[in-house]
Every structure is written in structure tokens, then in C-alpha cells.
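Student: Provided below for reference: sequence and predicted model.
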Amino acid sequence: MSISRYKIDDTFRQDFTVSDPSTGAAVDADADPDIEVYEDGGSSPMVSGTAANRDPAATGQYTFSDILATVDGYEVGKIYTVYALATVGGVLGKTVIATFVISTEVVYAN
């Protein structure tokens, strides 16, 4: 997984798919997945939230977005890891869905 770069006040957005733990097939979670953002390998999430169903017609597809504001604790030079926690059939799964750094200079792809 590569590390994306953002600037302060950019909007971070990540789409992801939830899978059945026994088959690997895309499946809707029992409830909208929780999101936790950790700073530089911290032991507690600095930001928590809930992902939204990206498209009700697309099974298991979710999205999460957050404005990377200093008021929420985001800092230049820090690396952030984003986890999604989803329960499927009573089984809780947790996985990294993104890693990013806040930088003073960002080159956006066209």
C-alpha cells in the first residue's frame, strides 16, 4: 500500500469493500463500518467515525471522508493510518484501508 500525500484542510476520501470472512465475497456489513484514524503508530485513535454506504445497489461498498484540519489534530509531517472495522455475520474484522502523510507541498495527479 502506498502512502498518499495531503495538505492541511484537504478532504481525505477512501472507498473500500467489506468481504464475508468465510467466502471472501463482497457483502454488506451488519451495520455501517466504524473508522479509526491513528497518528504515527499511536495506541489510541485520534479521529473516529462511521463509513457510509457508497451505493445501496453495490453490495459491500463503503466510503469515508474527513477534512484534514488542524483543529482535529492533523499536523504537517505526521503519518496517519486509517482502519475500517466491520462486523459480518457477528464476526468483527479490522483492516488498514489507507495510510497518508500531511505535507506542505502536494503534487496532485491529473
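Tutor: Looks like it came in fine.

Student: can you give me the strands in the protein?
Tutor: Remark: strands assigned in the chain by DSSP state E are 4-6, 11-17, 34-39, 47-50, 52-53, 61-67, 79-88, 91-102.

Student: out of those, nearest to Thr23?
Tutor: Comparison of those against Thr23 by CB to CB identifies strand 79-88 as nearest, at 10.1 Å. All C-beta spots, glycine's among them, are computed from the backbone N, C-alpha and C.

Student: can you add mean neighbour count, mean pLDDT and distance to Ala26 and give the strands of the chain back as JSON lines?
Tutor: Supplementary listing: these in JSON lines, determined by neighbours: other CB atoms under 10 Å; pLDDT from 0 to 100; distance: least, CB to CB, whole Å:
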{"stretch": "strand 4-6", "mean neighbour count": "16", "mean pLDDT": "93", "distance to Ala26": "24"}
{"stretch": "strand 11-17", "mean neighbour count": "15", "mean pLDDT": "96", "distance to Ala26": "5"}
{"stretch": "strand 34-39", "mean neighbour count": "20", "mean pLDDT": "97", "distance to Ala26": "18"}
{"stretch": "strand 47-50", "mean neighbour count": "14", "mean pLDDT": "96", "distance to Ala26": "19"}
{"stretch": "strand 52-53", "mean neighbour count": "14", "mean pLDDT": "94", "distance to Ala26": "12"}
{"stretch": "strand 61-67", "mean neighbour count": "17", "mean pLDDT": "97", "distance to Ala26": "7"}
{"stretch": "strand 79-88", "mean neighbour count": "19", "mean pLDDT": "97", "distance to Ala26": "10"}
{"stretch": "strand 91-102", "mean neighbour count": "15", "mean pLDDT": "95", "distance to Ala26": "13"}
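
Student: in TSV: those strands, plus distance to Thr23.
Tutor: As requested, the strands of the chain are exported to TSV (distance: least, CB to CB, whole Å):
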stretch	distance to Thr23
strand 4-6	30
strand 11-17	13
strand 34-39	23
strand 47-50	25
strand 52-53	20
strand 61-67	17
strand 79-88	10
strand 91-102	12
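
Student: tell me how far the residue nearest the centre of the chain lies from Met46.
Tutor: The residue lying closest to the centre of the chain (CA atoms, centre = their mean) is Val82, at 4.3 Å. Distance, Val82 to Met46, using CB to CB, to the nearest Å: 11 Å.
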